[in-house]
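Participant: Turn this into a model:
(4 chains)
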Amino acid sequence: MAWLIFLLALTASLIALLMAPRLLAPRRLTRAKEVRFEAGNPPYGKARRRMVMQYLGYVYLAMATESIVGASIALYLIDAKVLWAALVAVAAAAATAYVAARGHD
Amino acid sequence: MLIEHIRLFAVAVKNALRGPITIDYPREARDYSDRLRGYIVNDKERCISCGLCEAVCPAKAIKFSVGPDGRRYPGIDYGRCIFCGYCVDACPTGSLRHTQLHEVVWTHLNTFAKYAEGDPEEVDGRPRRSLL
Amino acid sequence: MIRKVEGLLRLAAKWGTKWSLWPPHLVTACCGVELAHTFGPAYDAERFGVLPMPSARHSNLLIIEGTITMKMAKFVKWVYEQMPEPKFVIAMGACAIKGGVFYGSYHMVPASNVVPVDAYVSGCPPTPEALLKAIEEVQKRL
Amino acid sequence: MSGLAAALLYPGITAIFAYLLVAIWLERKLAAKVQWRYGPLYVSRWLGGLLQGLADALKLIFSELVVPSYTNKALFTALPLVVFLADALPVMFIPGAPDLVIYRSHYGLAYVLVILLLATPAIVAMAWVEADKFTYIGALREILMEAAYEVPLALSLFAMIILYGPDPVQAVEAQSIPGILANPLAFFAFFVSAAMATSRFPFEIPDADTEIVFGPYTEYGSTLLLASFGANYVALYSFSLLGALLFLGGWAPFGGLLGAAVMLAKAMLLTIVWLILRAIYPRLRIDQALRLGWGSLLAISAASVAVSVVWRLWLG
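Facilitator: Numbering: from 1, shown residues only, chains lettered A, B, ... in the order given. Below you'll find the predicted structure:
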């Protein structure tokens, strides 16, 4: 039950925190506050532009390696006898990722 | 490689133990030189109303106005004064002078000090400290 | 009872705002150097809880550092309007008060024409101690 | 009863918020000390400015909450809350003392690992909803940082799981010598990847305030800033509790209330080391951080797994 109390109390305190300025703080909306912040300039152009693809390889690498490592940990937790298989999988994944990341620059 | 990082940590700890060099402003004051160009005051007895200060002021901050005794005295607008000290240099009798007061803060736009007289309390009583 | 709670809340708001004035980075002219000096180790404005913040959305103290030209006035106004509500302004330097040496120039705007100013610091540029005194002045106002 | 105390006092909510205030004060104070300054002082001179965090929090509570009209307003206000929750949830599984645990689970460490890795997607979602140019760059950097640290973090925790088992309460009892001595490589990998995860200084890349205004937190004023940026410090709290538990022996020599105090002291020690990094290192570029994460850090964390296996074989 403690976890439920923890979650509820944490959520309640956070919501109270977010509601507090609405009740307590002065409000005066202007047009400048309504638009997005652009370091003192009036905003122009689109905010979401084309992503830098340069380092995307690392993200793919992370997804691939992470899935193998995660699966190994999960399998090890389910059955401790597969430790050796898990170790081999992790070692192979880490070595592949290491070599792959070397060639990425 | 590792030695370098350990040295970084050592430098940080050494600096942390050295203690602050900060001038604890409202309790301490920085030891400026005596010739600090601060708030400018005028000595009415010595002023001869010659108008040289008004002529020389680069920011045109000095205006003359008629005082209670019928003579004209300079007043300084601190909204424009840049504390350059030209008026003090130009003053032939030395009636204008700088004080050590340099924290000139106003809460209103009425920054004109008429007749530039008086003797503002100098920032004394606080320990003075040089920076290094 | 309700009035007592209200008074207590107002007191807490004032106390919190007093010791936590965060200026955004808006350096308009040369007085920015003295501002940097104020926040550096020598004078350390952080003793008063004044912490420079990068975004106008987080800050509540606008320090106008020196000359505002017509072009810059637009952005000063914009930054001021983007700041959340309890907000204070310090105009620093002779140029920001009435124009200093540029008085009467066609491109010169006094700070008080752009935003409501709480404290003026004279000097060209003012010493860091003068700026700290202005910050104290703003704190006294709360 | 002890569960209730754990949920509401330590390591639960009171401790989280107290830590938030103390850690921010401590960070500013430590950085100031190294830079020969005083740091926050005048707010409460007799305490060395300890109330600064409280003053900042009060200021943020009493300042206007701006929700820009171009965003999805519900998500805009809800996502900082999600980030805060995601960073605070690992505390649920980490015991503060032998029986001060909010949710006793046999697989506690695995849950902690999963939840710690889930915080970043929440931050990315937050930055995406804000739809600002700076938050967008911050979100991209956040994704890349997670790509850099998640595998070393998982591997270093895997090493400790092999050594002590996945139950956090038993992990302390299993430590005859502190984990930092048993497996220093795992501690190093954990330390660096936790610094990456909470954007401590050499890796303060997503919210680099000199480059991109405040990264993912640019648009948030008022208490939203407290919830979103404070979440970093809550993550730091989770990480330092976890580090104290796994590597410094938890409440080791004692038990009960004294044990809780010892554990908190160890966690604060770790926190101080993480915080003082701000005064020591310059910021890395994103590609340098990625190369570090996929180079030496990956190798070290893989080696730490091998070290754990050697320990297991030696001990039987």
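
Participant: Name the nearest residue to the residue of the stretch 1-150 of chain D found nearest chain C, sequence neighbours excluded.
Facilitator: Of all residues in the stretch 1-150 of chain D, D:Leu58 sits closest to chain C, at 2.7 Å by CB to the nearest CB. The way it works is simple: take the backbone N, C-alpha and C, and place the C-beta from them, glycine included. Excluding the flanking residues, the one nearest D:Leu58 by CB to CB, 6 or more residues apart in numbering or on different chains is C:Gly16, at 2.7 Å.

Participant: circling back to that earlier point, so for the residue of the stretch 1-150 of chain D closest to chain C, what's the pLDDT?
Facilitator: D:Leu58 carries a pLDDT value of 87.

Participant: Need phi/psi at it.
Facilitator: phi -60, psi -40 (degrees, to the nearest 10).

Participant: how about the worst-scoring helix or strand of chain D on mean pLDDT: buried residues?
Facilitator: Every helix and strand of chain D was ranked by mean pLDDT, DSSP states H and E. The lowest is helix D:2-8, at a mean of 75. Using 16 or more other CB atoms under 10 Å in any protein chain shown as the burial criterion, the residues of helix D:2-8 that qualify are D:3, D:5-8.

Participant: try stretch B:42-59
Facilitator: Buried residues in stretch B:42-59 (16+ other CB under 10 Å): B:42, B:44, B:47, B:52-54, B:57, B:59.

Participant: Residue 60: which element?
Facilitator: In the absence of a named chain, chain A is used. A:Tyr60 is part of helix A:56-78 when elements are defined by DSSP states H and E.

Participant: that's the wrong chain, I wanted chain D
Facilitator: helix D:52-61.

Participant: That helix packs against which elements?
Facilitator: Helix D:52-61 sits against helix A:2-24, helix C:2-18, helix D:13-34, helix D:222-246, with contacts defined as 3 or more CB pairs under 8 Å, 6 or more residues apart in numbering or on different chains; DSSP states H and E.

Participant: ok, B:Leu96 - contacts?
Facilitator: Contacts for B:Leu96 (CB atoms under 8 Å, 6 or more residues apart in numbering or on different chains) come out as B:40-43, B:47, B:53, B:74, B:87-88, B:116.

Participant: Out of those residues, name the ones that lie in strands.
Facilitator: Taking DSSP state E, the ones among those that sit in strands are B:40-42, B:74.

Participant: which residues sit in contact with the closest residue to chain D within chain B?
Facilitator: In chain B, the residue that lies nearest chain D is B:Ala16 (4.2 Å; CB to the nearest CB). When contacts are counted by CB under 8 Å, 6+ apart, B:Ala16 touches D:30, D:33-34, D:279.

Participant: Enumerate the residues of chain C near chain B.
Facilitator: Residues of chain C lying near chain B by CB under 8 Å from any CB of the partner chain: C:41-44, C:47, C:94, C:97-101, C:103, C:112, C:117-124, C:126-127, C:129-130, C:132-134, C:136-137, C:141.

Participant: which ones among those are found in helices?
Facilitator: C:94, C:97, C:112, C:129-130, C:132-134, C:136-137, C:141 (DSSP state H).

Participant: quick one: which of these is most hemmed in?
Facilitator: C:Ala94 (32 neighbours; other CB atoms under 10 Å in any protein chain shown).

Participant: Apart from its chain neighbours, what residue comes closest to it?
Facilitator: Leaving aside its sequence neighbours, C:Ala94 sits nearest to C:Gly100 (CB to CB, 6+ apart; 3.3 Å).

Participant: again, but for A:Tyr55
Facilitator: D:Leu144 (5.4 Å).

Participant: In the longest helix belonging to chain B, which residues are buried?
Facilitator: Counting residues, the longest helix in chain B under DSSP H turns out to be helix B:2-18. Using 16+ other CB under 10 Å as the test for burial, helix B:2-18 gives B:12, B:16.

Participant: Write out the residues of chain C neighbouring chain A.
Facilitator: Within chain C, the positions near chain A by CB under 8 Å from any CB are C:9, C:13, C:26, C:55-57, C:75, C:78-79, C:81-82, C:84-86.
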